[in-house]
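Participant: next input, structure requested:
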Amino acid sequence: MAVIIRNEVFSCFVFYAVLLVIKMYIIAIITGQVRLRKKAFANPEDALRHGGLQYHREDPYVERCRRAHNNDMENIFPFLFLGAIYSLIGPSLAFARLHFLVFFLARVLHSVAYLFALKAPTRSLAYVIAQIPCVSMALQILIAVAAYA
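Facilitator: Purely as a prediction, here's the structure:
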């Protein structure tokens, strides 16, 4: 483990990766809290526990929170793979940090825009900005391993 931690780029990646996973947990907790507050449960057993089957229903804000969480999974999981592999191909620390930081900040903005229904195109721009470092890392990985294909 000490050898991996001595890889400054990988350590930088791990820092941002853990922040992103914590962010995903926070969105999941928010979703659960909104479900409780709105009394809108996805499962009948949960509704029964909290007042009755009439609460086995959908709520627009609960669904918004859920979509924000799903969107995180659709985008952060690929980043975790790309960032880990990218860290191992020898990029400069400054360039790698820029990739990781831009992705992290864009995903935070995307979640804020989703949860607070910010004016369009805030969420779309955050999504596109987060994709730029991912595409860049993917291309650099492909270039690095193309000779072995």
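
Participant: switch to C-alpha atoms for all contacts and neighbour counts from now on
Facilitator: OK.

Participant: roughly how far apart are the residue nearest to Ala42 when sequence neighbours are not counted and Val112?
Facilitator: Excluding its sequence neighbours, the residue lying closest to Ala42 (C-alpha to C-alpha, 6 or more residues apart in numbering) is His56, at 5.9 Å. Here the distance between His56 and Val112 works out to 27 Å (C-alpha to C-alpha, to the nearest Å).

Participant: doesn't Arg49 make contact with the residue nearest to Ala42?
Facilitator: No - contact between His56 and Arg49 fails when scored by C-alpha atoms under 8 Å: they sit 10.5 Å apart.

Participant: specify which residue of those two has the higher count of neighbours.
Facilitator: Neighbours were counted for His56 and for Arg49 using other C-alpha atoms under 10 Å; His56 has more, 19 against 11.

Participant: is Leu118 part of a helix or strand, or is it coil?
Facilitator: Secondary structure for Leu118, judged by DSSP: H, G, I helix; E, B strand; the rest coil, is coil.

Participant: in what element of secondary structure is the closest residue to it other than its chain neighbours found?
Facilitator: Among residues not flanking Leu118 along the chain, Val112 sits closest, at 7.8 Å (C-alpha to C-alpha, 6+ apart). Secondary structure assigned from DSSP states H and E places Val112 in helix 93-115.
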